[in-house]
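**Student:** Here is my input, please return the structure:
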Amino acid sequence: MATDMQKLIGTSEEDEEEDMDMDVKEEDDGDGEENGEKHAATPVMVEVGGMATSGSNNQFQYHDQQASRRCRPLEEKERTKLRERHRRAITARILAGLRRHGNYNLRVRADINDVIAALAREAGWVVLPDGTTFPSRSQGPRPMGSASAVVTPSSSHMVSQQTPAASLRGVTSGYQNSGEYNASSMKGVYMPNSSPYDLSSSTRSQTPPMVGDGGEHESHPLIGGSMNTVDDKQIVDLAPKLPERDFAGTSYVPVYVMLPLGVINMKCEMVDPDGLLKQLRVLKSVNIDGVMVDCWWGIVEAHAPQEYNWSGYKRLFQMVRELKLKLQVVLSFHECGGNVGDDVCIPLPHWVAEIGRSNPDIFFTDKEGRRNPECLSWGIDKDRVLRGRTAVEVYFDYMRSFRTEFDEFFEDGIISMIEVGLGPCGELRYPSFPVKHGWRYPGIGEFQCYDQYLLRSLRKAAEDRGHSSWARGPDNAGSYNSRPLETGFFCDGGDYDGYYGRFFLNWYSQIVVDHGDRVLSLAKLTFDGTRIAAKLPGIYWWYKTASHAAELTAGFYNSCNRDGYAAIAAMLKKHGAALNFTCAEIQMLGQHEDFVEALVDTEGLVWQVLNAAWDACIPVTSENTLSCHDRIGYNKILDTAKPMNDPDGRHFSSFTYLRLSPLLMERHNFMEFERFVKKMHGEEVLDLQV
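**Tutor:** Residues are numbered from 1 along each chain as shown. Next up, the predicted model:
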């Protein structure tokens with residue numbers, strides 16, 4: 001029991017026993033005070049000539065009581081320890097929830113005081129190291145005699161997923177062992193040098209809103225909160241300052257803002273056009289370059305094959321054009337709902353679901369026969385099972401309809417990029433870690449090749465190789481939540497590196513490349529003259545193992561002796577496509593204590609993927625995984641977008657901020673966002689301290 005609790009709470013056996021003894025002693029002291037004992041006033045017993053002086057009766061009585069207390073039953077002490085462990089277990093669960101679902105930078109061994117302080121700061125209060133607490137906006141000057149810096153010495157320097165929920169506050173890493181995680185939200189960042197921006201949570205929470213050009217901001221009705229000069233100065237005094245990197249004169253990186261998932265409803269109507277227009281005007285005022293929007297297959301072609309309804313998107317695109325903003329469009333051929341950050345439910349088209357009920361093999365399938373209706377299996381890319389059409393033909397018809405419907409926006413240059421959805425969450429990967437099937441981070445996931453169409457492809461590949469017995473998936477690859485060393489396939493020296501294992505993984509990963517090749521070739525034909533892009537996730541857990549198990553089940557054959565991303569980069573290069581590597585802040589997560597057990601190496605992963613893309617001379621775009629509103633997170637993204645001292649001056653071709661929300665429009669958050677946009681554009685920001 002003690003061992004399990006140590007894993008949950010993060011303490012060592014020695015520390016725990018020492019703390020328990022202190023707790024028992026404190027309870028003992030409390031009992032003594034209730035009995036009226038005054039230890040400090042106890043007279044000292046002195047022997048003179050072998051006889052005790054006056055007052056010796058009191059001395060003997062005191063020592064008898066002490067001896068009796070030392071002999072308290074062991075059972076009572078054990079009960080005290082168990083109560084303390086139970087209390088710590090509850091605290092640990094609270095901490096895990098706050099780290100997972102919000103921007104609470106809490107160390108693993110934080111106590112309930114840290115929790116209360118974090119919640120108080122989130123509510124806008126100032127909490128000093130000595131516990132003094134007062135409202136930061138309604139209170140005048142700071143109480144006299146309080147500390148000059150609001151810093152919790154024991155706070156971790158890591159921002160803590162991602163993790164991850166609808167409208168998360170800041171860049172998070174709260175993917176714990178029991179946490180739900182989806183690779184749509186798994187991103188990484190290349191950070192060749194350590195960053196000076198790692199501050200404690202209290203420092204980050206108290207970072208004041210700064211005006212990048214030193215000027216005044218006009219009040220805007222859509223930006224929440226009020227500005228108070230005294231209070232802002234107070235917060236500036238409380239936070240220690242570190243020098244920031246100066247991005248003035250650096251390359252111009254366009255900044256786009258992703259629109260809410262539910263901006264268009266299932267009837268293909270704009271949900272709140274007036275409210276969105278006001279928000280877009282505010283975004284335009286800080287010189288963003290444009291917005292990104294998902295065009296959902298399940299909305300546009302919802303009811304019957306080749307019956308497309310673009311009405312809501314037409315109205316939206318016209319609004320964007322009138323504001324002189326540009327558009328990045330995502331053609332989303334997957335369902336929305338059930339993943340991290342999904343706040344609406346948009347299934348696949350109804351007619352596709354009907355086909356799936358009679359032929360469930362059109363969906364990805366695991367070894368237990370469980371179907372995943374999030375997207376279509378790549379096994380039907382060339383099979384006419386969708387009412388006379390192949391899956392690739394369905395995608396092609398959809399793309400052609402979009403190109404025809406919005407021709408004027410292409411001609412005017414309003415649409416700057418088309419990102420083509422290629423799998424679950426729009427990413428080019430297998431749905432190998434579905435939460436709906438019980439996966440939890442950091443499980444290795446499962447292979448998704450057991451529908452009849454992919455198994456048919458596997459049989460053909462095995463026969464061509466001359467080993468028909470290899471026409472099967474691995475039978476020792478564990479389950480969704482296994483660890484690599486628990487399996488015969490992924491363990492060091494396991495079957496993944498044997499003759500059969502190499503054959504299977506080559507076939508499994510080639511299916512990924514072939515699917516991207518087919519769809520992007522048609523996208524290039526359809527959108528000739530407009531940049532196309534494909535999204536790739538950062539699957540960073542188990543990267544330090546030899547097999548890279550989580551990447552293998554997702555379709556990236558990237559074991560320690562093989563480069564799994566070069567072939568994908570070459571395929572993108574063939575079609576002139578950009579790589580959208582959703583990795584803007586994952587480098588921060590890799591340093592966190594909670595990621596040690598998953599053998600994470602985010603820097604190594606990001607370095608490998610970005611260099612594979614840049615070596616192939618393809619553009620790299622990116623977006624943040626989770627909501628980011630603080631300067632620390634923005635500076636991390638900037639360092640990734642514009643690597644320092646890169647001899648070739650490489651940088652992102654664009655960046656998309658995830659996503660427009662009421663939280664972004666709050667005054668303090670919006671001012672930080674404006675500052676971030678200026679730095680992305682290479683403009684001068686006078687105050688370079690964080």
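**Student:** What ranges does the stretch 401-550 of the chain have for its strands?
**Tutor:** In the stretch 401-550 of the chain, the strands defined using DSSP state E, counting those that start in this stretch lie at 415-420, 531-537.
**Student:** meant to ask about the chain
**Tutor:** Using DSSP state E, the strands found in the chain span residues 47-48, 51-52, 125-127, 133-135, 255-258, 290-296, 326-332, 363-365, 371-376, 415-420, 531-537, 578-582, 620-623, 654-657.
**Student:** ok, back up a step: would CSV of the strands of the stretch 401-550 of the chain with distance to Leu552 and mean neighbour count be doable?
**Tutor:** In this view, the C-beta of every residue, glycine as well, is placed from N, C-alpha and C. Converted to CSV, the strands of the stretch 401-550 of the chain look like this (distance: least, C-beta to C-beta, whole Å; neighbours: other C-beta atoms under 10 Å):
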stretch, distance to Leu552, mean neighbour count
strand 415-420, 24, 24
strand 531-537, 14, 24
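**Student:** got the residue ranges for the helices in the stretch 351-500 of the chain?
**Tutor:** Ranges of helices in the stretch 351-500 of the chain, per DSSP state H, counting those that start in this stretch, are 391-405, 407-411, 452-465, 499-526.
**Student:** Just send these back as TSV, with mean neighbour count too.
**Tutor:** Output for the helices of the stretch 351-500 of the chain, formatted as TSV (neighbours: other C-beta atoms under 10 Å):
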stretch	mean neighbour count
helix 391-405	19
helix 407-411	14
helix 452-465	17
helix 499-526	19
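**Student:** Out of these, flag the one nearest Arg429.
**Tutor:** helix 499-526 (7.0 Å; C-beta to C-beta).
**Student:** thinking Tyr450 is in contact with Arg370, fair?
**Tutor:** No - under the criterion of C-beta atoms under 8 Å, Tyr450 makes no contact with Arg370, lying 9.1 Å away.
**Student:** Who has more neighbours out of the two?
**Tutor:** Comparing Tyr450 with Arg370 by neighbour count (other C-beta atoms under 10 Å), the higher total belongs to Tyr450, at 22 against 17.
**Student:** Apart from its neighbours in sequence, what residue is nearest Ser311?
**Tutor:** Counting by C-beta to C-beta, 6 or more residues apart in numbering, Cys268 is the residue found nearest to Ser311 once chain neighbours are left out, at 5.3 Å.
**Student:** can you check Asn359 too?
**Tutor:** Distance criterion C-beta to C-beta, 6+ apart; nearest residue to Asn359, sequence neighbours excluded, is Val385 at 6.3 Å.
**Student:** What mean pLDDT does stretch 656-664 get?
**Tutor:** Taken as a whole, stretch 656-664 has a mean pLDDT of 95.
**Student:** What residues sit buried inside it?
**Tutor:** Residues Thr656, Tyr657, Leu658, Arg659, Leu660, Ser661, Leu664 are the ones in stretch 656-664 that count as buried (16 or more other C-beta atoms under 10 Å).
**Student:** try stretch 264-275
**Tutor:** Across stretch 264-275, burial judged by 16+ other C-beta under 10 Å covers Ile264, Cys268, Met270.
**Student:** now stretch 669-689
**Tutor:** Quick answer for stretch 669-689 (16+ other C-beta under 10 Å): 669-681, 683, 685, 688.
**Student:** mind checking pLDDT for Pro273?
**Tutor:** Pro273 carries a pLDDT value of 96.
**Student:** Please name the residues that touch it.
**Tutor:** For Pro273, the contacting residues are Arg315, Met319, by C-beta atoms under 8 Å, 6 or more residues apart in numbering.
**Student:** for Arg281, same thing?
**Tutor:** Listed by C-beta under 8 Å, 6+ apart, the contact partners of Arg281 are Leu323.
**Student:** just to revisit the earlier point, next, give me the two most distant ones among the buried residues of stretch 656-664.
**Tutor:** Thr656 and Ser661 (14.1 Å).
**Student:** didn't Pro305 look like it was pressed against Arg387?
**Tutor:** Yes - here Pro305 lies in contact with Arg387, judged by C-beta under 8 Å, at a distance of 5.3 Å.
**Student:** where do the contact lists of those two overlap?
**Tutor:** The contact sets of Pro305 and Arg387 overlap at Trp351 (C-beta under 8 Å, 6+ apart).
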